[in-house]
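> From the sequence below, what's the structure:
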Amino acid sequence: MNTEDFFTHQPRFLNTLRQQGKSAHTLAAYQRDLAQLEQILPERPSENADLKRSDFVAALKKLSQQNLSERSLARKLSVWRQYCGWLVRQNLMTADPTANLKAPKPPERLPKALQQEPLNQMLDRTPADTPLDARDSAIFELLYGSGLRLSEVHGLDVDDLSLDAGWVSVTGKGNKQRQVPLVAKSIDAIKAYLPQRAAAAGEAALFTNRNGTRLGTRQIQKRLQEWAVKQGSAQHLSPHMLRHSYASHVLQSSRDIRAVQELLGHGNLSTTQIYTKLDFDHLAQVYDESHPRARRKRG
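Just a heads-up that it's a prediction; the model follows:
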C-alpha cells in the first residue's frame, strides 16, 4: 500500500472508534497523531511502493529529534499500530509494517498523593455560604471522597444519584458504567447544594453554571485551583491529584488492591498496581511476616 492509499481510510477508522464508544477527546488525539504521521512519512506514489517498517522507524526517529517525551512517542506509535492493525483486519493491507516495532519505554512516575490530614482539613474549611460555594464543595468532596475522574464528575446527572442508598452511577472510560459509594461528607455536601442548584429548562446536569447549563471541565479545574490558593495550599491541585490521593489513601487503609481497582474503574489491575509502590514498607512487612523463608525465629 502506497502512502496516499494508506491515509485514505482514516475516516472509516475513526468512525469505527466512535462506534466503539471512544470519546471526542480521544478521537481528536488519534486524528492529530495520524495527521502528523502523514506529514513525516515518505511519499510513495507508485502502487508497488509499499510502506515499509523502515519508514515508520524513520518517522519515529524524526519525532524523537523534536524533543518529544518518551510517553508522547509511545502514545503516537500506539495510534499507528492500531490504525495499521485495523487496515490489516479490513483486508486493506497485507502486512502490518509496525508489527513488533518497539516504543521507547516511558519512565514510571508515581502518582502525587496529598497528605490525608491537611487535605481533610482543607475540605472541612470549605465554605458553602453561596450557591457557587455549595456547588464547588460538592464537586471537591466527590473528586476526593469517591475518586471520580474529572470527566466523570462533569458528566454526572441528577438522576445518577442515589443519596439514600449512598451510591452514584458513573460513566467512565469507554462508556463503562459502575456504581461508586458515596461517603457521608459527599452526601451532606450534595444535599446542601441541590436546593441551590441553578438549572435551565430540561437541564439534567448535576453541576451547572450560572446560566443553568452543564459546568465545563475547564471551569471545574479553575475553581479547584482558586480554592486551593484561598486555602493556602502550597501545592498546585488538580482533579487528578485528588483522585490519586483517594486511591492511595484507600489502599493504605484497606490493603485491598482489587477493591481499589473496581472503585477507580480501572480495566487492568496493572494500572492500579502503581499505588502499591506508595506503600512499599507495608508490603515488605507483609512479606516478612508471611513468607516461610522470610519469617524470623521468635525467641
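
> got the residue ranges for the strands in the stretch 151-299 of the chain?
For the stretch 151-299 of the chain, applying DSSP state E, counting those that start in this stretch gives strands covering 161-162, 167-171, 177-181.

> With respect to burial, which of these scores highest?
Comparing those by mean neighbour count (mean count of other CB atoms under 10 Å), strand 167-171 comes out on top with a mean of 19. Heads up, the C-betas are built off the backbone N, CA and C, glycines and all.

> Contacts for that one, please.
Contact partners of strand 167-171, identified using CB atoms under 8 Å, 6 or more residues apart in numbering, comprise 142, 146, 148, 152, 155-156, 160-162, 177-182, 265.

> Relative to K22, how far out is Y193?
32 Å (CB to CB, to the nearest Å).

> So which of these two has more stuff around it?
Counted by other CB atoms under 10 Å, Y193 and K22 do not tie: Y193 has more neighbours, with 22 against 17.

> Quick check: that one vs L14, distance?
38 Å.

> what sits against the residue most central in space within the chain?
Residue closest to the mean C-alpha point of the chain, counted by CA atoms, centre = their mean, is R149 at 6.5 Å. Contacts for R149 (CB under 8 Å, 6+ apart) come out as 172-173, 239-240, 243, 265.

> and the helix ranked longest in the chain, what other elements does it pack with?
If you go by DSSP state H, the chain has its longest helix at helix 70-89. Here helix 70-89 touches helix 10-19, helix 24-40, helix 53-64, going by 3 or more CB pairs under 8 Å, 6 or more residues apart in numbering; DSSP states H and E.

> Relative to A99, which of the ones you listed is closest?
Of all the helices and strands packed on helix 70-89, helix 53-64 sits nearest to A99, with 7.8 Å by CB to CB.

> any idea of the mean pLDDT in the closest one?
Mean pLDDT, helix 53-64: 88.

> what does stretch 43-50 give?
64.

> What of stretch 213-229?
94.

> same deal with stretch 200-210?
96.

> what's the span of it from first residue to last?
10 Å (CA to CA, to the nearest Å).
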